[in-house]
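Colleague: Compute the structure for the input listed below.
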Amino acid sequence: MSSKIVKILFKDSFVNRLTRQIDFIAKDSPVRAKRFKNQLIKEIKKIPKMPYANRQSIYFDNHDIRDLVFKGYAIVYRVNVENNIIEVFGLTKYQDKPTD
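Modeller: Here you go, the predicted model:
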């Protein structure tokens with residue numbers, strides 16, 4: 001890969017799922033919810049350095065779609081080399097598909 005990934009794009013499908021998950025965790029512990037979100041975002045921000053380091057997605061048959069596994073969740077993203085971006089679009093735990 002000659003082009004360097006320079007941007008992370010959070011799709012609405014990911015943001016909506018993350019918001020619902022954070023709200024659910026916050027019902028039990030607002031502090032834990034904030035910590036979870038901060039740690040997750042920190043991990044996602046590492047992706048551009050080595051976009052193909054995470055496993056190929058188990059949800060899609062596409063080399064450019066990857067799963068970042070974090071605390072039992074799969075964060076699904078697409079490496080878009082053409083546009084030099086990472087498109088984060090899915091968040092799932094114990095489900096068949098990462099988006100609604």
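
Colleague: who's in contact with the most centrally placed residue in the chain?
Modeller: For the chain, I75 is the residue whose C-alpha lies nearest the centre (CA atoms, centre = their mean; 3.1 Å). For I75, the contact set (CB atoms under 8 Å, 6 or more residues apart in numbering) comprises 14, 40, 43-44, 67-69, 88, 90-91. C-beta here means a position set from N, CA and C on the backbone, and glycine is covered the same way.

Colleague: Would you mind giving the secondary structure of it?
Modeller: strand (DSSP: H, G, I helix; E, B strand; the rest coil).

Colleague: does K37 count as helix, strand or coil?
Modeller: K37 - assigned by three-state DSSP - is helix.

Colleague: Which parts of this protein are strands?
Modeller: Here the chain has its strands, by DSSP state E, at 7-10, 55-56, 65-70, 73-80, 85-92.

Colleague: Turn the ones you listed into JSON lines, including distance to R35.
Modeller: Output for those, formatted as JSON lines (distance: least, CB to CB, whole Å):
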{"stretch": "strand 7-10", "distance to R35": "19"}
{"stretch": "strand 55-56", "distance to R35": "25"}
{"stretch": "strand 65-70", "distance to R35": "13"}
{"stretch": "strand 73-80", "distance to R35": "14"}
{"stretch": "strand 85-92", "distance to R35": "17"}
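
Colleague: Tell me which of those strands sits nearest to I22.
Modeller: strand 85-92 (10.4 Å; CB to CB).

Colleague: okay but H63 is in contact with S57, surely?
Modeller: No: the criterion here is CB atoms under 8 Å, and H63 misses it with S57 at 9.3 Å.

Colleague: neighbour-wise, which of these two wins?
Modeller: S57 (20 against 10; other CB atoms under 10 Å).

Colleague: nearest residue to that one other than its sequence neighbours?
Modeller: I65 (4.3 Å; CB to CB, 6 or more residues apart in numbering).

Colleague: buried residues in the top helix by length along the chain?
Modeller: Counting residues, the longest helix in the chain under DSSP state H turns out to be helix 12-28. Buried positions in helix 12-28, judged by neighbour count with 16 or more other CB atoms under 10 Å: 13-14, 17-18, 21-22, 25.
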